[in-house]
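A.B. asks: Predicted model and sequence follow; I will ask about them next.
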Amino acid sequence: MTLACAPHRCALFPVALSALIGFCAPGVPCSGACAQQATTSAAPRLLDRVVVIGASASDGFGAGIRARIGKLTGVEPTDLRTVIETTIDPDPAVLVSYATRTMFLSPHATGADEVRHAMRERPTLVVGLDFLFWYVYGTTGVDDQPLRNESARLESLEVGLAELDRLLGPVDAENASRMGRTMLVVGEIPDLNDAHSSMLGEAQIPEPTTIVAANARLKEWVAQHPNRAVIVPMYTLTKDALSGQPTTFGGVAWTPAVDGALLQDDHLHPTFEGLVALWARSLESLRDGGAEIRADINLDPRVHRARIERELHEQVQATLDAQTPRSN
């Protein structure tokens, strides 16, 4: 028997936005009533309305936490959304994930759907760490046609960037005054040529030069969206995780051999600890981009895992107790 438990929360600290989100429409200086509203109204916080988009890593594939007593196992599904929820108090007004582990089947159609759904949420922050992954990896190119060559992967990337352009497009004056503009965290394309992942076939993996070119294009694209988009260095982070060497994220020193791996055995999907590390890196990138991020947010996966396991054990034990016949 397996128990699926509800997402957990912890009492930590909110994250505030500095000057990244404005009130006036893009390109229009604040003046008159708009300027007055900007000075008299509280700016929306960066983490007020958070939407996650992307593929299986953000969807938490294989990252659940389990607790077993006898033949009964409790399972806490953990994806990037629940990791974000764990580190924010109070909860955001909106915190939703449209990331899906099936994005590889039809990345262009799925990506367009995710962006459309995200836009309806009027997000202050969109987290798309692996949103662009299947636009470059896989065997499907533009219009879901088979990839012809490596150049087709870069053509496919442009489709993904066009979707993100739509996400960050101009907001009308009414929305600008009410909620500001969307900020985006986007992940680089990792290099898995040496990962020997059981989840990827050789034909699905781009050449190293293609990945370098894709990330150069992404960097150029982000530069065209100042104060709207920041990059999380997934290229470097993945290589570091595969190496198993000690690292630091969110002020937490982490030694995989002692504290636990950040990638699962498939060398593709993050563990629960890896998801926390990716969220920590996202906050670091936002801070480096100008957002005001509190340094005392608890991003230690050991703390959160221990709490979740403790609560799971309590739930499993309660279920066992309920199933045990009482003697008269």
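C.D. replies: Sure thing, it's come through.
A.B. asks: quick one, strands of the stretch 151-300 of the chain?
C.D. replies: According to DSSP state E, counting those that start in this stretch, the stretch 151-300 of the chain carries its strands in the segments 183-187, 229-232, 247-249, 252-254.
A.B. asks: who wins for proximity to Asp266 among these?
C.D. replies: strand 183-187 (17.9 Å; Cβ to Cβ). Every residue, glycine included, has its C-beta placed from N, CA and C.
A.B. asks: which parts of the closest one are buried?
C.D. replies: Within strand 183-187, the residues scored as buried using 16 or more other Cβ atoms under 10 Å are Met183, Leu184, Val185, Val186, Gly187.
A.B. asks: which residues does the second one form a beta bridge with?
C.D. replies: Beta-bridge pairing for Leu184 (DSSP bridges): Val126, Ala229.
A.B. asks: what about the nearest residue to Thr182 once chain neighbours are set aside, helix or strand, and which?
C.D. replies: Nearest residue to Thr182, sequence neighbours excluded (Cβ to Cβ, 6 or more residues apart in numbering): Pro123, at 5.3 Å. Pro123 belongs to no helix or strand when assigned by DSSP states H and E.
A.B. asks: who's in contact with Pro123?
C.D. replies: Arg49, Val50, Val51, Val94, Thr182 (Cβ atoms under 8 Å, 6 or more residues apart in numbering).
A.B. asks: same thing with Glu273?
C.D. replies: Counting by Cβ under 8 Å, 6+ apart, Glu273 has contacts Trp254, Asp259, Gly260, Ala261, Leu262, Pro301, Arg305.
A.B. asks: And the strands in the stretch 1-150 of the chain?
C.D. replies: Using DSSP E, counting those that start in this stretch, strands in the stretch 1-150 of the chain cover 2-4, 49-52, 65-69, 72-76, 94-97, 125-128.
A.B. asks: Could you dump those strands into JSON lines with mean pLDDT added?
C.D. replies: As requested, these are exported to JSON lines (pLDDT from 0 to 100):
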{"stretch": "strand 2-4", "mean pLDDT": "46"}
{"stretch": "strand 49-52", "mean pLDDT": "96"}
{"stretch": "strand 65-69", "mean pLDDT": "84"}
{"stretch": "strand 72-76", "mean pLDDT": "82"}
{"stretch": "strand 94-97", "mean pLDDT": "96"}
{"stretch": "strand 125-128", "mean pLDDT": "97"}
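A.B. asks: Can you check which of those gets nearest to Ala109?
C.D. replies: Among these, the nearest to Ala109 by Cβ to Cβ is strand 125-128 (16.4 Å).
A.B. asks: So which residues make contact with that closest one?
C.D. replies: For strand 125-128, contacts defined as Cβ under 8 Å, 6+ apart pick out 46-47, 49-54, 58, 80, 84, 118, 164, 167, 182-187, 279, 282.
A.B. asks: Helix or strand with the lowest mean pLDDT in the chain?
C.D. replies: helix 32-40 (a mean of 36; mean pLDDT, DSSP states H and E).
A.B. asks: All the helices of the protein, in order from the start?
C.D. replies: 32-40, 80-86, 107-120, 133-136, 150-167, 173-179, 208-223, 234-243, 256-259, 272-288, 301-323 (DSSP state H).
A.B. asks: So what's the gap between stretch 106-122 and the chain middle?
C.D. replies: 15 Å (Cα atoms, centre = their mean, to the nearest Å).
A.B. asks: Does Ile53 touch Ala118 like I think?
C.D. replies: Yes. Ile53 lies in contact with Ala118 (Cβ atoms under 8 Å); the separation is 5.5 Å.
A.B. asks: these two touch, right, Ala57 and Pro270?
C.D. replies: Yes. Between Ala57 and Pro270 there is a contact at 5.7 Å, judged by Cβ under 8 Å.
A.B. asks: Quick check: neighbours shared by the two?
C.D. replies: Joint contacts of Ala57 and Pro270 (Cβ under 8 Å, 6+ apart) are Leu278.
A.B. asks: Widest-spaced pair of the buried residues of strand 183-187?
C.D. replies: Met183 and Gly187 (14.6 Å).
A.B. asks: who's in contact with His313?
C.D. replies: With Cβ under 8 Å, 6+ apart, His313 has these contacts: Ala67, Ile69, Gly74.
A.B. asks: Now the buried members of the residues you listed.
C.D. replies: Buried among the contacts of His313 by 16+ other Cβ under 10 Å: Ala67, Gly74.
A.B. asks: Make JSON lines from the contacts of His313 and add distance to Ala216 to it.
C.D. replies: Output for the contacts of His313, formatted as JSON lines (distance: Cβ to Cβ, whole Å):
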{"residue": "Ala67", "distance to Ala216": "45"}
{"residue": "Ile69", "distance to Ala216": "51"}
{"residue": "Gly74", "distance to Ala216": "45"}
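A.B. asks: Quick check: of the contacts of Pro123, which has the highest neighbour count?
C.D. replies: Greatest neighbour count in the contacts of Pro123, by other Cβ atoms under 10 Å, goes to Val51: 29 neighbours.
A.B. asks: Please list all residues in contact with it.
C.D. replies: For Val51, counting by Cβ under 8 Å, 6+ apart, the contacting residues are Val94, Val96, Ser97, Tyr98, His117, Ala118, Glu121, Pro123, Leu125, Val126, Val127.
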